[in-house]
Every structure is written in C-alpha cells, then in structure tokens.
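>>> My questions concern the predicted model and sequence given below.
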Amino acid sequence: MPPKDSAKQPFQLTPEQLAKQAARRELKAQKVAQETQGRSDDPLGRILQRDWLKSKSLTEANDGNTVTIMTWNEVDRLDNLLPALSSRYSHIYASGHKKEHGCMIAFNKDIFEVVAHQTIYYDEEDVRQGNDTSLDDDASSRWRRGTSRITKNIGLIVGLRRKDHADKGFTIATTHLFWHPAYVYERCKQVGILLRAVAQFRDQHGTTHLPCFIAGDLNLTPSDPTYSLLVGESMTESQTGDLNRSRVVHISVDPTINFKVPKPIRKQRESDEEAGEGNEDDDSDREITNSRPCVDSDGLLNVEELCSFIGSSPITPLRSAYGDVLGSGAEGVETHGQRTQRTDERKGTHEPAYTSYTHFWKNTLDYIFFSTPDNCQATVEAILKPHRTEDMGDGLPKQDICGSDHISLAAKITFITDPKERR
C-alpha cells in the first residue's frame, strides 16, 4: 500500500521520456516555423503579410509603415480591441441605435488631436425642405425624409488637427452603408446625406482648407451608380434602371404593407455593357420583398435629384486611392475590371477585384476616397496589396490569412500645399 503522502511527491520523468518530450517540442517548433514563414508574429493572432504596391508614376516612395489614421466598420468587442490600440492611438466610436457594432476612427495620439466629431443617423435626416400641405404631420415628416427603408446605419465624422501645426490636419469620415444589394436608392441617398454633413462640418469648424477622406464599407460595387456619382462620372442606362427599380417603400417605413408580398419587386438587370458579375446577380439577396412601389407622397428623390444631391457637393468628385494607383498602370493586383471582364474605361474598373471575400459573397465593397482643396496637391504613393485569391481559399475569415471577411485597405498619400512641405 503506498504511503499516505505519495500524492504530494513530484512525478519524475525518466531520461528516455525527457528526450522524447524534447524531440516533440522541436518538431512542433519546426512545424510552426514553416507554417508562419512570411506571417506576422503578433501574439494576438497571425495574419498573412502583404506588400506595398507603388504608383507606376513615381520613381520612389516613402517606405515608412507607421499608420497614423485608421477607419473601422462593424466594430465590436471593444474591450478586446481598445487595449491593443491604446498605447499609440486614440479613437472616436459611434454606433446606430440598438446596434451591437459601430464605426470607429483611430489616430496616432502623438501626432493628432480632435477638433470635433459628429455622428449622422441616416434614418433621421431629411432630404427635402418644407411641407406637403396635402399631408398630415407624420406623413409630411416621412415625405421630407424620402426614406425607402429603415436601416439604422450611420456615418461618423472626425476633425483632426496636428499637434505640431494647428493649421494642418484632416477631416475624416467613415460609414457602413446598408448591406442589401438591391437597395441601390437607399445607399445612394445615404451617401448624399454623408457628403452634405461633411461639407457642413468643414464649414462649421473652419476646415475647408484641409484635405478630407471618406473611407469605409460602402456596400456598393464599382459598377454601382453611387460609385459613378462619387467619382464624377455620368450614369449609364443600366445604372439609371437600377436606381429606379430600387425606389420602393419597405414595410419598415410603411407598416400597412402586407408582410407576405405576393409578387416581390425583383431587380431585373438588363444584359448590357456592365454585365459580367458572375453568379452574383442571381443571388436571392438581390430581391426586394415586403415593399411597394413609391408614390409622390413618399418623398423619395428621383434620379435627377439624386445626381444633384451628390454631384453638387463641394467635395465631389472624389479620388480613389486604389483607383489612382491601379489606374496608373501599376501591376501585380487583379482589378475589378479584369475580374468582371469589363472593357470600358470607367474609373471603377481600376478598383481591386475583391475587398470582401466570404464563402457566399465575393466583391469589391470598401474604398478609400479623398478630396483636396484647390491649393493642395495630393499624390498616392503606394497602396497595400489585397490578398491573392489563391491565399483566401473558399472564403474569409481564414486562419493565418485574415481575421475578417473584409480585406483591410491602406494607402500612403502625400499632401503638399507648399513645395517645401509634406503632410
């Protein structure tokens, strides 16, 4: 019978067992080294490193990799995220009503300080002025809003000023627009509201002389009419049709609509020069259901009014950081135009082939847009290459590749207002 205190005696491995244990550790270390070759040593998780792609028009570019400003969308788990950022970055965060995730703008706190910030709740913004005298107060309010669907999406604007030069800085806006592919009108209206808010923000805080950015998950493709309006291009006949077909009113706006719509209003794209989106156009998520066609009293903007809403903004047309570099002839990144076999020369063809790569949905949805005042020259020196399709496999997130279903975008941009200055 073993002594009563035998459980307290330490267990001793034999020399043979110790040798086998050491060999197993060595094999495991070798396997890990092979698997993580070319990947980050971040203790919070490994991701596949990506290279910078320089603009073909530049002979040299700044090789610094310090990120000074970041925009984030669908941000949650702040208790885990913020401690990882707090040593270098400050942030502004906002979310839609009753949403569990939101938008965030983070910035290097040694370089910038906040001038002001503002959250835009798209569902609560008017797009028309005055009143329709034929309507009661509630109906008149809906007419001014011109909303096709309640979405709870927001935009976030932050004014940043350099600590070492109070007259230099940026206006940064980020947004996560409504996701449903068929609701083209609602996203277009939301973009118009954001542009209006950014312009008013800059006027209010005296920052019209500074560059501004609009970056985020816009949930629209480079073939979308809203993209064309943002970059100053006219809409095609197909895009006009997309907008008109999405001018509907959802049950979230008009609760009198029968929830089970007998014949859903379908998005019926015509075969034209912009076809080529693969099977994505056949996705059932492209159907508009539980909705009715709009009438004048709903207040929805027509195509001409939407074009004016965006085109008359003092900060449009916008430039795309990725569109600039990939449009310069820089090689090594598949573009949206190459993937969809588009033969036209519209600006959207130069965006990356993918920025969202899930198992069920793969497309370009994220952008870095910017605008500069007349006295400022901007040069996009380099962009961070997206992941290659062969690395992403069946879809993201993917262990040791990318922890999100979206591919992060990054750009190095130089702003010069004086030949001797770089911002």
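Thanks, I have it.
>>> hey, where'd the strands end up in the stretch 201-350 of the chain?
212-217, 248-250, 265-266, 287-288, 291-293, 319-320 (DSSP state E, counting those that start in this stretch).
>>> Going by mean pLDDT, which of those strands comes out lowest?
Comparing mean pLDDT across the strands of the stretch 201-350 of the chain, the weakest is strand 265-266, with a mean of 53.
>>> Low-confidence regions, the stretch 301-423 of the chain specifically.
419-423 (pLDDT under 70).
>>> End to end on stretch 165-181, go ahead and measure it.
43 Å (C-alpha to C-alpha, to the nearest Å).
>>> Please identify the buried residues of that stretch?
Within stretch 165-181, the residues that qualify as buried are 168-178, 180-181, counting by 16 or more other C-beta atoms under 10 Å. Yep, even glycine has a C-beta here, placed from its N, CA and C like the rest.
>>> what's the answer for stretch 344-356, then?
For stretch 344-356, by 16+ other C-beta under 10 Å, it's 346-356.
>>> Let me know the closest of those residues to Gly232.
Closest approach to Gly232 among the buried residues of stretch 344-356 (C-beta to C-beta): Lys347, at 8.3 Å.
>>> Just the ones of the buried residues of stretch 165-181 in helices?
Per DSSP state H, helices hold no members of these.
>>> With distance to Ile368 added, can I get those residues in a markdown table?
Below are the buried residues of stretch 165-181 laid out as a markdown table (distance: C-beta to C-beta, whole Å):
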| residue | distance to Ile368 |
| --- | --- |
| Lys168 | 20 |
| Gly169 | 18 |
| Phe170 | 12 |
| Thr171 | 14 |
| Ile172 | 11 |
| Ala173 | 11 |
| Thr174 | 10 |
| Thr175 | 13 |
| His176 | 15 |
| Leu177 | 15 |
| Phe178 | 20 |
| His180 | 24 |
| Pro181 | 22 |
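>>> Out of those residues, which sit inside strands?
169-176 (DSSP state E).
>>> residue ranges of the helices in this protein, please?
Counting by DSSP H, the helices of the chain are 15-35, 78-85, 137-145, 184-205, 225-230, 237-245, 303-311, 321-327, 336-340, 389-392.
>>> For Gly159, find the nearest of those helices.
Taking C-beta to C-beta, helix 184-205 is the member of the helices of the chain nearest to Gly159, at 5.3 Å.
>>> starting at the chain centroid, how far to the closest one?
Centroid separation for helix 184-205 versus its chain: 16 Å, with C-alpha atoms, centre = their mean, to the nearest Å.
>>> try stretch 324-339
19 Å.
>>> go on, stretch 120-135?
Between the centre of stretch 120-135 and the centre of its chain there are 27 Å (C-alpha atoms, centre = their mean).
>>> picking up where we left off before, of all the strands of the stretch 201-350 of the chain, which one is nearest Gly393?
strand 212-217 (21.7 Å).
>>> Adjacent strands (with direction) for the closest one?
Here strand 212-217 has these sheet partners by DSSP bridges: strand 169-176 (parallel), strand 366-371 (antiparallel).
>>> okay, those strands in TSV with distance to Leu156 next?
Shown next, in TSV, are the strands paired with strand 212-217 (distance: least, C-beta to C-beta, whole Å):
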stretch	distance to Leu156
strand 169-176	5
strand 366-371	15
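>>> Spatially nearest residue to Met365, not counting backbone neighbours?
Small correction: residue 365 is Leu, not Met. Ser356 (4.7 Å; C-beta to C-beta, 6 or more residues apart in numbering).
>>> okay but that neighbour is in contact with His406, surely?
Yes. Between Ser356 and His406 there is a contact under C-beta atoms under 8 Å: 5.1 Å.
>>> which residues are common contacts for the two?
Residues touching both Ser356 and His406 (C-beta atoms under 8 Å, 6 or more residues apart in numbering) are 217, 365-366.
>>> that older thread, export the buried residues of stretch 165-181 to CSV and tack on distance to Ala410 and pLDDT?
Listed next are those as CSV, based on distance: C-beta to C-beta, whole Å; pLDDT from 0 to 100:
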residue, distance to Ala410, pLDDT
Lys168, 21, 94
Gly169, 20, 96
Phe170, 15, 97
Thr171, 19, 98
Ile172, 14, 98
Ala173, 17, 98
Thr174, 14, 98
Thr175, 18, 98
His176, 18, 97
Leu177, 21, 98
Phe178, 25, 97
His180, 28, 95
Pro181, 26, 95
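>>> wait, which of the residues you listed is closest to Thr289?
Of all the buried residues of stretch 165-181, Thr289 sits closest to His180, with 10.1 Å by C-beta to C-beta.
>>> thinking again about what came up before, most packed of the strands of the stretch 201-350 of the chain?
strand 212-217 (a mean of 24; mean count of other C-beta atoms under 10 Å).
>>> now what about stretch 139-152, what contacts it?
With C-beta under 8 Å, 6+ apart as the test, stretch 139-152 has contacts from 96-99, 122-132, 135, 178, 180, 183, 185-186, 189-190, 246-250, 252-253, 291, 294, 297-301.
>>> end-to-end on it?
Start-to-end span of stretch 139-152 (C-alpha to C-alpha) is 20 Å.
>>> What residues sit buried inside it?
Going by neighbour count (16+ other C-beta under 10 Å), the buried part of stretch 139-152 is 140, 142-149, 151.
>>> can you give me how far that stretch is from the chain middle?
Distance, centroid of stretch 139-152 to centroid of chain: 24 Å (C-alpha atoms, centre = their mean).
>>> Stretch 106-116 too?
Computed by C-alpha atoms, centre = their mean, the separation of stretch 106-116 from the middle of its chain amounts to 21 Å.
>>> can you pull the buried residues of it?
Across stretch 106-116, burial judged by 16+ other C-beta under 10 Å covers 106-109, 111-112, 114-115.
>>> Would you mind measuring the gap between the ends of that stretch?
End-to-end distance for stretch 106-116: 14 Å, by C-alpha to C-alpha.
>>> which outside residues touch that stretch?
If you take C-beta under 8 Å, 6+ apart as the criterion, stretch 106-116 is touched by 66-72, 85, 88-92, 158-164, 169, 172, 201, 204-205, 207.
>>> what's around Ile154, how many residues?
Neighbour count of Ile154, defined by other C-beta atoms under 10 Å: 24.
>>> Look up how far Lys109 lies from the nearest residue to it once chain neighbours are set aside.
Nearest residue to Ile154, sequence neighbours excluded (C-beta to C-beta, 6+ apart): Gly96, at 4.8 Å. Gly96 is 26 Å from Lys109, where distance means C-beta to C-beta, to the nearest Å.
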